[in-house]
Every structure is written in structure tokens, then in C-alpha cells.
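[1] Provided below for reference: sequence and predicted model.
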Amino acid sequence: MIRNFIKKVLRRSPDVPVGKLRVVPASQHGIHPDAISPCALRVTKTLQEAGFKAYIVGGAVRDLLVGNEPKDFDVATDATPDQVRRLIRRSRVIGRRFQIVHAMCHDEVVEVTTFRGSAREDDRQQTDEHGRLTRDNVFGSIEEDAARRDFTVNALYYDPIRNEVLDYFHGVADVHAKRLTMIGDPATRYREDPVRMLRAVRFSAKLGLKLDPATQAPIRELADLLLNVPESRLFDEILKLLLSGHAHACVARLRAEGLHHDLLPLLDLILDQPQGEKFIRQSLENTDRRVSEDKPVSPGFLFATLLWHPVLDAWKKRQAAGERPMPALFEAMSDILETQRRKLAIPRRYDAVMKEIWSLQPRFEQRSGQRPFRLLEHPRFRAAYDFMLLRADSGEIDESIADWWTDFQQVGLEEREAMLIAEEKPKRSRRRGRR
């Protein structure tokens, strides 16, 4: 046993930080077992009764400490995926690179992960030329699992049976101090996984935590490393950031840390214009409000608002060059989407939503004849209407247009017909009759 322990210590990478366990009692952490979901509680209890270690881990513990309600609960254990699968009746093993178990209880799914180990000396070559880990999928001890997590507030393990928190890197103290601190050397950890810079922004904005100076210092210098992150993963992280319920604060923090240039390169152009800044601010605040009210948020709508002013600017330039309005608008939309896609790969499945919202905007100014009735029946009318309200609120279009459409939806058919604005017909010059 001693020989195996020494061998294990010697194989540890010298860059892996060593944590010192501190057991935080209930009187200090304030978490009550009743705050844990019944499914996560049952999974934890089942694993412990079978002789394994099992804890509620990560974001759920962090959120409970700051007084937020967790969206989901994850469990970490020293049991292997196959052992978990045999103990939890309704469960399945998923994943190829690193297997995890989904334990299912009615409509809830609890993710169960085996403690992950650190990269060993003989695995050091499994990083790219920038220091990014390309392979890091070995099982390990709880100490290693804690060390490989990114921030101290995420390296917390809550035992609902004993009602105590296992804290290896002073995470509880950082929560109380409202501080976000990287575990280990920040520059090295960012090089291992550049997405950690985006997570730092999201967690600090969402949880109201101030970045520790050492954690913040390398971010601007290493921002270009985000170019090496797979596009799909980068988009997923940006989407988490925008749907965090603190999108406005996150975007402001992105800009402050110099991280937005390779993600939303047109953001500076938008925010440097007073009208554009107001439009974006209202859009993000509206998104945050919907998230807080548990209302659905459309990513397509959100990205349509972020990219609208570049589209609008390109549209005006094309019309000034003599192009007809609607063909000019469609060309402007395609140009801006392609420009953005070179940086942040917005999936093409959102293109149709964005283009429909944008292309319907000119039709709100048409309030005569049958055109308002046809627009009202369009499948994307509601999203386009909400978009138009944002334009009116920011001063881009006259508020009377928004008021007219709001009233037009609420009245009956006869009242709608009475509201129609008479269309001005072009004057025709009279021709002299034949003699």
C-alpha cells in the first residue's frame, strides 16, 4: 500500500496543485440536505451504502452557498461507471472519451462522474503547441479530482448524509469573500483550456464575484488562444454566457477583459454607437428578465439582436449605392452572417430565424391594404414584433409604429379595418383628350 502511494505521488505532474482538506461543518456552510433534489440524494445514499465515496459536487454546491437555487445536481464518486450502473437501476453509461453515468428519476437526470485524475508525467506530450490539453481522461482520487477543477468555488464536495462540505482549496472562504480564484497557475490553466477564460467571465458576472488579481492578469494576453478552441464548443460556451440570466453583465465583462474581439467582432461597432448600445442593452436585459422568469429564450432571436445594427448599416450602404431595398437587405444579411461566422460559428440552423426576423422589419411600416393582415398571420410575426418593439424603445423607429401594431393585435376585425392608414397614390399628370 505504501509503495503504491509513493509511486502515485512520484507520477503526479509537478504543475498539479496540492490541496489541503478542510471539512466545513453545517454551522459554517449553511446548506440543508432538504435543498438537495430527491434523485441526487438517493444516488448519493445508494453509493455510500455500497461502500463508495459519493458527494454532491461543483456548481450545485457553489450555488447553494451563494443562496441560488441550482439548476441541476451532479454527483462525484470513486465508483467506476460500471459499478454505478449496477447499483442504480435506472441509469445508463454515456460518453466515449470519458464515461459518465446518467441516473434517471422520473423527469430528473443526475450526472454521476467518477473522480478524474491529473495528467501524469508520461502523458505530458498530450498537449498541443499552445499548452492545451488534448487528452485528460483518467480516473483518480478525490484530491486529484479537486485539483483538476478550474476555480476554487467549483472544487467543493457536499456530503448530504453527514451534512458537511469537503473543501480542498479554500473555496468556501472565496465564496464568502465574493472572490473567484483559479486553482493552480492561471496562465497554465488557461493554456490547458482557453474556455476557462470565458467561464471566469460568466461565473464572476453571474455570481457577483470579483476576479482574483492573479486570475485576471493573464486573460487579455492569452485571449488569442480562443482561436484554437473548436467552433462548436466555443459557441456552446457563448450561449451559456448569454443565457446565464446575466447576459448584460457578461457582455460588459467580455469587453472589459478584451475577450469579445474574436467572438463577436462587431460588438465594438455596436456599443460605440449610442443608439446601438441602447438597443443591445435593452435586448440583453430583456433576455435576462425572461431567464429569471423561466420563460423560453430563442438563441436565434438573441443573435438577431446582436447583429442587427451591422446588418442595418450594410443595408443602408447598399441602398445608397443604388440597390433596391429588399434585395439590398438580403445581401446585407448574408454578408454580415458570413463575416461573423469566420469568428464565432453560429450554427446555420439559426440563419432562417434571424433572416425572417430581419426581413419582416420593413413590413411593419406598411399599414395599409391587406399587408398588415398578412403580416399578422406570418409564423414568425411574434418574434419580429418583439424585435420591432426593441427598435422602438431604443429610438430607432417612431414609437407610434409600435403602438399601432400593439393596438392592431388587440382589436376586432372592424376596428382593424378602421385603423388602416390610407395609402397615398402617386399623382398622375393629366393628358389632354383627343380632339
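    Received it, and whenever you're ready, just let me know what you need. Numbers count the residues shown, from 1 in each chain.
[2] Ramachandran coordinates for residue 55?
    phi -140, psi 150 (degrees, to the nearest 10).
[3] Now do it against residue 35, distance only.
    Here residue 55 is placed at a distance of 15 Å from residue 35 (Cβ to Cβ, to the nearest Å). C-beta here means a position set from N, CA and C on the backbone, and glycine is covered the same way.
[4] likewise residue 250?
    26 Å.
[5] Compare these two (neighbour count), which wins?
    residue 250 (25 against 17; other Cβ atoms under 10 Å).
[6] pretty sure the more buried one contacts residue 241?
    Yes. At 4.7 Å, residue 250 and residue 241 qualify as touching, with contact defined as Cβ atoms under 8 Å.
[7] can you list residues touching both of those two?
    201-202 (Cβ atoms under 8 Å, 6 or more residues apart in numbering).
[8] Can you pull up the most central residue in the protein?
    Nearest to the geometric centre of the chain sits residue 240, at 1.1 Å (Cα atoms, centre = their mean).
[9] Let me see the mean pLDDT of the host helix or strand of residue 385.
    Assigned by DSSP states H and E, residue 385 belongs to helix 381-393. For helix 381-393, the mean pLDDT works out to 96.
[10] For it, list the C-alpha coordinates in PDB.
    Extracted C-alpha coordinates of helix 381-393, given in PDB (Å, rounded to 0.1, in the frame of the first residue of the first chain):
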ATOM      1  CA  PHE A 381     -44.800  37.500 -36.500                       C
ATOM      2  CA  ARG A 382     -44.500  37.400 -32.700                       C
ATOM      3  CA  ALA A 383     -40.700  37.300 -32.700                       C
ATOM      4  CA  ALA A 384     -40.500  40.000 -35.400                       C
ATOM      5  CA  TYR A 385     -42.900  42.100 -33.400                       C
ATOM      6  CA  ASP A 386     -40.900  41.800 -30.200                       C
ATOM      7  CA  PHE A 387     -37.800  42.700 -32.200                       C
ATOM      8  CA  MET A 388     -39.600  45.800 -33.500                       C
ATOM      9  CA  LEU A 389     -40.500  46.900 -30.000                       C
ATOM     10  CA  LEU A 390     -36.900  46.900 -29.100                       C
ATOM     11  CA  ARG A 391     -36.100  49.100 -32.100                       C
ATOM     12  CA  ALA A 392     -38.900  51.500 -31.000                       C
ATOM     13  CA  ASP A 393     -37.700  51.500 -27.400                       C
END
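[11] Distance from the chain centre to the strand or helix carrying residue 360, please.
    Assigned by DSSP H and E, residue 360 falls within helix 351-360. Relative to the chain's own centre, helix 351-360 is displaced by 22 Å; criterion: Cα atoms, centre = their mean, to the nearest Å.
[12] Identify each buried residue in the following helix or strand past that helix, please.
    Later in the chain than helix 351-360, the nearest helix or strand by DSSP H and E is helix 371-376. Residues 372, 375 are the ones in helix 371-376 that count as buried (16 or more other Cβ atoms under 10 Å).
[13] Now helix 371-376 - C-alpha only, PDB.
    Extracted C-alpha coordinates of helix 371-376, given in PDB (Å, rounded to 0.1, in the frame of the first residue of the first chain):
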ATOM      1  CA  ARG A 371     -50.500  43.800 -45.900                       C
ATOM      2  CA  PRO A 372     -51.000  44.200 -42.100                       C
ATOM      3  CA  PHE A 373     -53.400  41.200 -42.100                       C
ATOM      4  CA  ARG A 374     -50.900  39.100 -44.000                       C
ATOM      5  CA  LEU A 375     -48.000  40.100 -41.700                       C
ATOM      6  CA  LEU A 376     -50.200  39.200 -38.600                       C
END
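[14] Which strands and helices lie in contact with it?
    In terms of contacts (3 or more Cβ pairs under 8 Å, 6 or more residues apart in numbering; DSSP states H and E), helix 371-376 is packed against helix 399-410.
[15] 10 Å instead, please
    On a contact count with 3 or more Cβ pairs under 10 Å, 6 or more residues apart in numbering; DSSP states H and E, helix 371-376 meets helix 381-393, helix 399-410, helix 413-419.
[16] Give me the distance from that helix to the chain's centre.
    35 Å.
[17] what do you get for stretch 307-323?
    30 Å.
[18] what does stretch 214-233 give?
    Relative to its parent chain, stretch 214-233 has a centroid offset of 16 Å by Cα atoms, centre = their mean.
[19] Give me the distance between the two termini of that stretch.
    Using Cα to Cα, to the nearest Å, one end of stretch 214-233 lies 26 Å from the other.
[20] thinking residue 383 is in contact with residue 355, fair?
    No. Residue 383 sits out of contact with residue 355 when judged by Cβ atoms under 10 Å, with a separation of 11.8 Å.
[21] what is in contact with the two at once?
    300, 304 (Cβ atoms under 10 Å, 6 or more residues apart in numbering).
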